[in-house]
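Engineer: Below are the sequence and a predicted model; questions follow.
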Amino acid sequence: DIQLTQSPSTLSASVGERVTITCRASQSITEWLAWYQQKPGKAPNLLIYRTSRLDSGVPSRFSGSGSGTQFTLTISGLQPDDFATYYCQHYHNYGFTFGQGTKLDIK
Amino acid sequence: HVVQSGGGLIQPGGSLRLSCAASGFNVRNDYMSWVRQAPGKGLEWVSVIYKDAKSYYADSVKGRFFISRDIFENTVLLHMNSLRADDTAIYYCARGREPGNAFDIWGQGTLVTVSS
C-alpha cells in the first residue's frame, strides 16, 4: 500500500507569509494528488486536485505542484482564514489514501 | 449538497446504518465515498461505490461494512456490522470529483460511538 507522509506536522506562521506543506509518497505515484483544508468541527474542503488544479472558488493564493514521490501545497500570502489543518490525498487502484495532516497555526 | 443521517451510540458487536441524501446531482452518475475521522485524528478513507455500482473498502472495514445506493431516493448508505471501539469516529459522506479522483462535496458528518 502507498503511504503518504506530510511535513511538517505542525507549522506556525504569520499573516502575509508564504508557507509550503510537503506530501511524500512511499513510492512514485500518479498525478492524482489532492489537497484539502479542514477547520475544527467542519468537513474537509477540497482545494486542489490532480496535483495543481484549483477547485472552483478556491483563492489563487493556493497552489500545488510536484511529481513522483514529492508534492507540495503552497499558500502565498497567508490570510487569517487559512489557519486550519491540511491533508493530502491520493487515488490508487480504486482506493484512496490520506496523509496524516499538517496543522497550520498562527505564530 | 449532501445531508447525512444515522449514527449514534452503539455497543461493540452491534450494527448501524448511515445515510447520505444527495441533492443537485444524481448518485448514479457520480462515485460516492465514506471517509471517517476518529476523535482528534486524521482522515481515513472507508469505502467507495462507483457509477457501475462496484464497491471497494479499506482493509480495516472489509467484510464488516457494506456500501450501497438507492437511486430512487438518491441516497448512499453505509451498513456497518460487527462494530468495534476503533470504529468510533465522525463519518463523512463525500462525492467524487470527475475528473480528479478527489472529493468535492462533503456531508456535515455524523458521529458513531462504539462503546458499552
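Structural biologist: Structure received. Quick caveat: nothing in here was measured; it's all calculated off a predicted structure.
Engineer: so what's A:Thr72 bridging to?
Structural biologist: A:Thr22, A:Ser65 (DSSP bridges).
Engineer: Correction: the previous question concerned B:Gln4.
Structural biologist: With DSSP bridges as the rule, B:Gln4 is bridged to B:Cys20.
Engineer: neighbours of it, just the number please.
Structural biologist: B:Gln4 is flanked by 22 other residues according to other CB atoms under 10 Å in any protein chain shown. Where you see a C-beta, it was placed from the backbone N, CA and C, and this is true even at glycine.
Engineer: Please report the distance of it from B:Arg17.
Structural biologist: From B:Gln4 across to B:Arg17, the span is 11 Å (CB to CB, to the nearest Å).
Engineer: Leaving out the residues flanking it, which one is nearest to the residue nearest the centre of chain B?
Structural biologist: A centroid search over chain B (CA atoms, centre = their mean) returns B:Trp34, at 3.0 Å, as the residue closest to the centre. Of all residues beyond its chain neighbours, the one nearest B:Trp34 is B:Val46 (4.2 Å), with distances taken as CB to CB, 6 or more residues apart in numbering or on different chains.
Engineer: how far away is the one you found from A:Gly68?
Structural biologist: Distance of B:Val46 to A:Gly68, computed by CB to CB: 28 Å.
Engineer: At the contact with chain A, which residues of chain B appear?
Structural biologist: B:33, B:35, B:42-45, B:48, B:50, B:54, B:56, B:58, B:92, B:94, B:97, B:99-104, B:106-109 (CB under 8 Å from any CB of the partner chain).
Engineer: Out of these, which end up buried?
Structural biologist: B:33, B:35, B:43-45, B:48, B:56, B:58, B:92, B:94, B:97, B:100-104, B:106-107, B:109 (16 or more other CB atoms under 10 Å in any protein chain shown).
Engineer: List the strands paired with the helix or strand in which B:Gly96 is found, with their directions.
Structural biologist: Following DSSP states H and E, one finds B:Gly96 within strand B:89-97. Partners of strand B:89-97 in the sheet, by DSSP bridges, are strand B:32-37 (antiparallel), strand B:102-106 (antiparallel), strand B:110-114 (antiparallel).
Engineer: Pull the distance from the first one to the chain's centre.
Structural biologist: Same thing as strand B:32-37. 5 Å (CA atoms, centre = their mean, to the nearest Å).
Engineer: Same question for the second one.
Structural biologist: Centroid separation for strand B:102-106 versus its chain: 13 Å, with CA atoms, centre = their mean.
Engineer: who touches that strand?
Structural biologist: Contact partners of strand B:102-106, identified using CB atoms under 8 Å, 6 or more residues apart in numbering or on different chains, comprise A:32, A:34, A:36, A:43-46, A:49-50, A:55, A:89, A:91, B:1-2, B:25, B:33, B:35, B:92-97.
Engineer: rerun that using 6 Å as the cut-off
Structural biologist: Residues outside strand B:102-106 that contact it (CB atoms under 6 Å, 6 or more residues apart in numbering or on different chains): A:34, A:43, A:46, A:49, B:2, B:92, B:94-95, B:97.
Engineer: Noted, bye for now.
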